[in-house]
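> build me a structure from this.
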Amino acid sequence: MKNSYLLAFLLDNSGCRNTKKSEFSTVDKTDTPEGLVAESHPGKKILETECYICHNPKVSHESMIAPPMIAIKEHYITEEITKDQFQNDLVSWINDPTEAKSKMPGALKKFGIMPLQPYPEDKIKLIAEYIYDYEIDEPDWFEEHFQKEHGNRQGKGKGKGKQMRKGKGQHNASSSYSDIGLKYALSTKAQLGKNLMKAIEETGTVGAIAFCKLEAMKLTDSMSVMHNAIIKRVSDKARNPNNIANAKELGHIEAFKELVESEADIDPIVEDIDGEINFYYPITTNTMCLQCHGTPNEQITSSTLNTLKKLYPKDKATGYDVGQVRGIWSIHFAKNSIE
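Next up, the predicted model:
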């Protein structure tokens with residue numbers, strides 16, 4: 001079976017709601033009335049915390065495990081499609097995904113059918129409203145890719161042009177150590193996600209928990225070798241004892257918690273010491289994460305809880321709510337090792 005659109009709940013979401021936009025193009029319009037409304041739209045927050053797990057615009061084309069949301073906007077919104085129609089289409093697709101309903105044959109061939117994941121209709125409609133009415137972020141590779149596959153873009157529907165034009169906030173992916181660290185984190189996340197989805201499809205949720213215990217560290221280590229870096233996911237409330245944060249990392253976790261709680265912009269922490277780079281970036285929870293990291297016997301079912309207790313007897317990684325920092329990416333690499 002093809003890899004699915006969904007990065008499962010067992011893999012923590014590393015896309016904060018106001019991340020540094022280093023891997024995609026953007027226009028800073030937050031100082032305009034329309035920009036301020038867009039920033040405060042509830043659909044934007046849901047999109048970034050729930051959808052960007054798989055549809056992250058900062059991920060490279062090769063590392064995508066689902067199409068970016070701008071591609072969905074391009075394929076689903078035409079001159080004839082009203083906002084209500086688009087909202088209903090998105091609700092119908094998410095709550096009952098089938099090949100017959102898909103309007104993206106290329107994505108369907110590459111990624112497979114999105115797994116059924118029933119979601120509240122009111123939240124889906126907020127996401128659809130935001131996508132329909134406003135410009136949304138797009139990967140820096142998308143414009144060239146879309147023209148190659150489909151020709152010139154039409155700019156249909158509301159939103160005044162679906163791509164975010166290149167301008168203020170644009171960075172080359174290799175222009176800073178922050179960008180490089182983020183690249184390493186997101187590519188590792190994508191690799192974990194692809195393999196985790198395969199485990200879920202083949203063995204179900206319980207089997208996927210076992211997969212995490214046996215294979216997640218191995219996959220992270222293999223990505224470290226590939227990038228010639230040391231890549232870790234660490235937490236102050238670790239599930240695996242090998243993921244316990246050290247004193248410095250605990251300090252950074254607390255700093256990110258304060259930033260997330262205050263809804264401030266989230267940028268990576270980068271330390272440049274004697275030719276060595278230390279990179280830190282938060283891992284936050286979304287609704288799906290709570291099925292393994294939420295409140296026991298509420299979001300976490302009894303069967304899941306029993307499996308967690310059996311495989312992780314010292315588990316501390318529960319009790320989270322949506323949008324909370326549950327750990328960080330801790331990445332170390334030498335300047336002279338950069339690809």
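
> would you mind measuring from the residue most central in space within the chain to S302?
Computing the C-alpha centroid of the chain and ranking residues by CA atoms, centre = their mean puts I53 first, at 2.6 Å. As judged by CB to CB, to the nearest Å, I53 and S302 stand 25 Å apart. Bear in mind the C-beta positions are built from the backbone N, C-alpha and C, glycine included.

> I231 too?
On the measure of CB to CB, I231 and S302 end up 34 Å apart.

> and stretch 140-151, how far from the chain's centre?
Centre-to-centre, stretch 140-151 and its host chain are 22 Å apart (CA atoms, centre = their mean, to the nearest Å).

> now it: average pLDDT?
Per-residue pLDDT over stretch 140-151 has a mean of 83.

> can you pull the buried residues of that stretch?
D140, W141, F142, E143, F146 (16 or more other CB atoms under 10 Å).

> right, and E149 touches G106 too?
Yes - using CB atoms under 8 Å, E149 is in contact with G106, at 6.6 Å.

> re the thing from before, which of I231 and S302 has more neighbours?
Taking neighbours as other CB atoms under 10 Å, I231 and S302 compare with I231 leading, 23 against 9.

> check contacts around the more buried one.
Taking CB atoms under 8 Å, 6 or more residues apart in numbering, we find I231 in contact with Y184, A185, T188, T220, D221, M223, S224, W329, S330, I331.

> what's the pLDDT at the fifth one?
pLDDT for D221: 94.

> make sure it is indeed in a helix.
Yes - D221 sits within a helix when classified using DSSP: H, G, I helix; E, B strand; the rest coil.

> which residues touch it?
D221 neighbours (CB under 8 Å, 6+ apart): I231.

> over to the second one?
Contacts were defined as CB under 8 Å, 6+ apart; by that measure A185 touches S14, I231, F279, Y281, W329, I331.

> swap the cut-off to 6 Å and go again
The contact partners of A185, by CB atoms under 6 Å, 6 or more residues apart in numbering, come to Y281, W329.

> likewise for the first one?
Y184 sits next to H227, A229, I231, I331 when contact means CB under 6 Å, 6+ apart.

> who wins for neighbours among the residues you listed?
Top of the contacts of Y184 by neighbour count (other CB under 10 Å): I331, with 27 neighbours.

> that's a strand at it, yeah?
Yes - counting by three-state DSSP, I331 is part of a strand.

> that one and G181 touch, don't they?
Yes - using CB atoms under 6 Å, I331 makes contact with G181 at a distance of 5.1 Å.

> give the residues shared as contacts by these two.
Contacts common to I331 and G181, judged by CB under 6 Å, 6+ apart, are F279.

> ranges for the strands of the stretch 1-150 of the chain?
Remark: strands assigned in the stretch 1-150 of the chain by DSSP state E, counting those that start in this stretch are 24-25, 138-139.

> now find how far off-centre stretch 192-200 is within its chain.
Its chain's C-alpha centre and that of stretch 192-200 lie 15 Å apart, by CA atoms, centre = their mean.

> restricting to C-alpha, output it in PDB.
In PDB, the C-alpha atoms belonging to stretch 192-200 read as follows (Å, rounded to 0.1, in the frame of the first residue of the first chain):
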ATOM      1  CA  LEU A 192       9.900   8.500  10.800                       C
ATOM      2  CA  GLY A 193       6.400   9.300   9.500                       C
ATOM      3  CA  LYS A 194       6.600   7.200   6.400                       C
ATOM      4  CA  ASN A 195       7.800   4.200   8.300                       C
ATOM      5  CA  LEU A 196       5.400   4.700  11.100                       C
ATOM      6  CA  MET A 197       2.500   4.800   8.700                       C
ATOM      7  CA  LYS A 198       3.600   1.600   7.100                       C
ATOM      8  CA  ALA A 199       3.600   0.000  10.600                       C
ATOM      9  CA  ILE A 200       0.100   1.300  11.300                       C
END
